[in-house]
Structures are given as structure tokens and as C-alpha cells.
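Visitor: I'd like to go over a predicted model; first the sequence, then the structure.
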Amino acid sequence: MVGRRGRSVHEAVLRIFTVDPRKLDLFEPCLRVPEKGIRSALEWFVKHGDQSIDRRVERALKRAKNQEHKAEIISHVAAQHFRNAYLYPPPTAEHAPPIWRATNEQSIQNLAALTIGNFLGSDEVGAQKLAEIMAEAGPSSATDEEREAFRSTLESILTAYELEGRDALQLSAPPGMEEAIDRLKETEIKRICEIRNRIAIVAQMGYMYLNVRGSPGFEDLTKRALEASTESFEANMLLYACAPIAETLDTSAWHRMSALIIMILMDVDLGYCDALEKLATAITPERLKHRFVE
């Protein structure tokens, strides 16, 4: 089903649900869109709209005639995906730590290798490569000697795991499309709206924080956002993933927010769910908490 200018009606629904077209910011809870429309639109997004690396790889593997070259297919799709992200970075990318973005060709290849591990297991990547990747992602202040020492130690540990028949690292891809759709059907609409609203306030306040942190008059916001976003791996990732939404309200915000809603709802371990709730609670001004987190 398509709407005006060939745009899918489902896309139109998600644009309205994620970003209120009447507003210039995200300081309002989501519009009341019919539940059936939201569910159908999110299912469409999982099948056709989600351009995350995992969905792109999943679609590429399904299209492949020769299933004997999965690693090559994944590597090609992943390298292309991360190279595009490097060449055409999203807004606020310059604020993100290196671990959350590709910074050169080597980091692109490292991210592609990790994607292979996500789908085929860490043994497809190997202890040596995994150690190199993790050493490269270490603190930028580390000396070459410190980085090499860390790499060597880590390679020894991961190699020992492999010899014992254990996974060097617990890497895993998110649920496939069909499983994701089934989980969406089991999720209450109230929960979906709740996740949307928390992403919205984290996006708006996170974007403000990244642009004013440390400035006079914004000490309280800086302190709250810094503490909340460094409490966990998940919280840090979410802050930098949500912030670009606030700068792209009339263009790609709907797409990024839809992808984040799906990702968080698919989180079986609830790490991202808990991190989002804590981040939203910490970063939301008191006068708005009754709308977004209470």
C-alpha cells in the first residue's frame, strides 16, 4: 500500500507516531494513532524499512543462491554499510566516542569482522583478529606498547577459550524478522508508546547536552547526562544513538526512532530497556517527568 508520492502508508504512520509533525521538538508524548495502524507499520518496518546492519545481512543471506559463502556475503554487506556510515555520518557523529563509529578503513573492516561473528560465531573471526579489534577500540591515550601488551594478553585468553571448545566472545545477532514480528504482536501497545516517549526525551535532552555540555548555565544538565550516560555500556550507546533524532525531525528521525523502538523491544535481557528507563529518568527535567517517565 502506498500513499502520496509513492510513500508507503506504513511509513506515513511511523512518521506521525514517532515525530509529531505539528511540533519543532520532542517535548510531547506520541500522538494517539490507532493501535492497528502502529502495529501494521512496525511490522512493515521490520520486513522492508529497517536498514540496520543486521536486517541488511539477513535479507542478503536470504537472497543468496549459494549458502556456502556466508562469511563473504556478510563481510561485503557489512563493509559497505559501515563505509557509508563513515562517509556520510549522521548529525552529532562528531560528538560520539570512536567506539560508536567507524573512523578509518581499518575500523570498517573490524566492524565487518564483528558482524561475521554475530551471525556465524566468534570462531569464524578467530582469537587473533578479535584481540586486534578489541585492542584498537581501547583508550586513545594508550601508547603503542600498552596497546600491544593488551592485544597479546587478550589473544592468549581468547585462544585458550577456543582450545577448550568455548566461544571466545559471546557474539549474537538480534532475532530474525519472523521472530521480531511475533514478539511485537505479544507486546502491549502501552509498552510500545512508553518506549517511544522515552527515546524522544532522551533524544531531545541528549542532543542539547552534546551541544552545550560544560557551558555556563548548563552545569546541572551536563552533570546529570554525563553520570547517566556513563553508568553502563547500553546507556552510553543509547545516548549517542538517540541524539541525532532531534536534529533530523523533518527527514530521517522517524526511521532512526523506529529502528530503536524495535531494537529495545527485542532485547531479551532487558539491558537496553533498563538503561533507557534510567537514562530518561536522569536526563528529563522535573517539570516533564509526569509526561515521559512517571
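Guide: On my side now, so go ahead.
Visitor: Would you map the helices across the stretch 151-294 of the chain?
Guide: Ranges of helices within the stretch 151-294 of the chain are 177-186, 189-212, 219-229, 233-242, 253-265, 271-283, 289-292, based on DSSP state H, counting those that start in this stretch.
Visitor: worst average pLDDT in the ones you listed?
Guide: Lowest mean pLDDT within the helices of the stretch 151-294 of the chain: helix 289-292, a mean of 75.
Visitor: which parts of that helix are buried?
Guide: Using 16 or more other C-beta atoms under 10 Å as the test for burial, helix 289-292 gives F292. Bear in mind the C-beta positions are built from the backbone N, C-alpha and C, glycine included.
Visitor: before we move on, what about stretch 119-128?
Guide: In stretch 119-128, counting by 16+ other C-beta under 10 Å, buried: 119, 122-127.
Visitor: possible to save the residues you listed as JSON lines with secondary structure?
Guide: Shown next, in JSON lines, are those (DSSP: H, G, I helix; E, B strand; the rest coil):
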{"residue": "F119", "secondary structure": "helix"}
{"residue": "S122", "secondary structure": "helix"}
{"residue": "D123", "secondary structure": "helix"}
{"residue": "E124", "secondary structure": "helix"}
{"residue": "V125", "secondary structure": "coil"}
{"residue": "G126", "secondary structure": "coil"}
{"residue": "A127", "secondary structure": "helix"}
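Visitor: which residues touch the closest residue to R191 other than its chain neighbours?
Guide: Distance criterion C-beta to C-beta, 6 or more residues apart in numbering; nearest residue to R191, sequence neighbours excluded, is L265 at 7.5 Å. Applying C-beta atoms under 8 Å, 6 or more residues apart in numbering, one finds that L265 lies in contact with 183-184, 187, 191-192, 195.
Visitor: quick one on the thing from earlier: need the helices of the stretch 151-294 of the chain in TSV with distance to Q67, can you?
Guide: Shown next, in TSV, are these (distance: least, C-beta to C-beta, whole Å):
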stretch	distance to Q67
helix 177-186	18
helix 189-212	35
helix 219-229	41
helix 233-242	32
helix 253-265	26
helix 271-283	31
helix 289-292	45
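Visitor: Show me the shaky parts of this structure.
Guide: Applying pLDDT under 70 to the chain flags the ranges 1-6, 91-100, 137-142, 167-173, 294.
Visitor: Domain ranges for it, per the record?
Guide: Listed domain ranges for the chain are 4-49+175-292, 53-163 (source: automatic domain parsing).
Visitor: do you know how far M177 is from R39?
Guide: 15 Å (C-beta to C-beta, to the nearest Å).
Visitor: just the domains of the chain: most buried one?
Guide: Neighbour counts (mean count of other C-beta atoms under 10 Å) averaged over each of the domains of the chain peak at domain 4-49+175-292, with a mean of 18.
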